[in-house]
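> Would you be able to build a 3D model of this:
(chains A and B)
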Amino acid sequence: MINHWVFKCKDISYLISKSMDKKLSLKQRLGIKFHLMMCDLCRRYKKQLDLIQKAVSLITSSEKSSDDLITPLPDKTKEKIKKHLDSL
Amino acid sequence: MPATWVDKYGDYLYSFALYRIQDESAAQDLVQDTLAAALTARDRFKGNASEKTWLTSILKHKILDFIRKKYREPIFEDDHLESQSLNDQFDDSGKWKTGPASWADNPEKLLEQKSFLAVVKKCLKQIPKRPATALALKELQGETTQTICKVLNISATNCWVILHRARALMRTCIEKKWTDKRV
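Here you go, the predicted model:
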């Protein structure tokens, strides 16, 4: 009976990710909670996924990130674009 | 002022595109197309948002168009390899074989470390392109998962799977690089 409520780590890793994109059913949310209470590896997995999301957010929003996360356009390309804009 | 756009916003726009499509020459083309489009439309720019925001929104649409075109084909060869490497991390009963390693005593502090963010940036480039793009698109302001799936031409169900793979692949890549560094 309890098997219906016990998710395997493999399923949990998928559900944790899905919960970041979609609201899961109550059963799934409880299943995750229950599993995470007992499984420190999956707890760690979830923390790492949260960390990655924050890091990717920092990197892709150049406004928030520092200058060394911005990749400069090559000077040649800048010249090419300027020339192109002048021709318009 | 259009004359200053390249110098003022070129690097920013380039980075914005690059982190989402992982393709240097395509990103450069997108910057050029964006500035050219902005030039022709500059009369329509009312000045109610900043120049940067306005240019970014033009770029955003061009990025989505680019991705739509690129991922018109729904099936990719690398999908099979991706799922194989992720399934290998679990035993037959669905439990972790080794499981995630610890990355730091205080994981939150990692976000303040440039070396950690550099590893994350590297991994975004290294994992297969479609999962990487899916993940990066999530960080595009206001894009719902539905839009992301549509643009990448994948069904809703596949969408969750692809995002799951992207995250799992990122995690594995980061762990390898980060824990190697500390040894």
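> most centrally placed residue in chain B?
Closest to where the C-alpha atoms of chain B average out (C-alpha atoms, centre = their mean) is residue B:136, at 2.4 Å.
> tell me the contacts of residue B:59?
Each residue near residue B:59 by C-beta atoms under 8 Å, 6 or more residues apart in numbering or on different chains is listed here: B:13, B:16-17, B:30-31, B:34. (C-beta placed from N, C-alpha, C; glycine too.)
> switch the cut-off to 7 Å
Going by C-beta atoms under 7 Å, 6 or more residues apart in numbering or on different chains, residue B:59 touches B:13, B:16-17, B:30, B:34.
> Go back to these and keep what's next to chain A.
residue B:16 (C-beta under 7 Å from any C-beta of the partner chain).
> all strands of chain A, in order?
With DSSP state E as the definition, chain A shows no strands.
> Which residue would be the closest one in it to chain B?
Nearest residue of chain A to chain B: residue A:8, at 2.9 Å (C-beta to the nearest C-beta).
> which ones are touching that residue?
Residue A:8 makes contact with B:93-95, according to C-beta under 7 Å, 6+ apart.
> Which of those residues fall within helices?
Using DSSP state H to define helices, no part of those is located there.
> filter the residues you listed by proximity to chain A?
B:93-95.
> pLDDT, distance to residue B:108 and neighbour count added to these, as JSON lines?
Formatted as JSON lines, those follow (pLDDT from 0 to 100; distance: C-beta to C-beta, whole Å; neighbours: other C-beta atoms under 10 Å in any protein chain shown):
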{"residue": "B:93", "pLDDT": "91", "distance to residue B:108": "33", "neighbour count": "8"}
{"residue": "B:94", "pLDDT": "92", "distance to residue B:108": "30", "neighbour count": "13"}
{"residue": "B:95", "pLDDT": "94", "distance to residue B:108": "28", "neighbour count": "14"}
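> Please enumerate residues in contact with stretch B:28-47?
Applying C-beta under 7 Å, 6+ apart, the set of residues contacting stretch B:28-47 is A:73, A:77, A:81, A:84-85, A:88, B:2, B:5-6, B:10, B:13-14, B:17, B:54-55, B:58-59, B:62-63, B:66.
> so how far is it from its chain's centroid?
In terms of C-alpha atoms, centre = their mean, to the nearest Å, the centre of stretch B:28-47 is found 23 Å from the chain centre.
> Looking at the ones next to chain A among the contacts of residue A:8, which one is closest to residue B:50?
residue B:94 (50.2 Å; C-beta to C-beta).
> hang on, isn't the closest one packed against residue A:7?
No - the criterion here is C-beta atoms under 7 Å, and residue B:94 misses it with residue A:7 at 8.4 Å.
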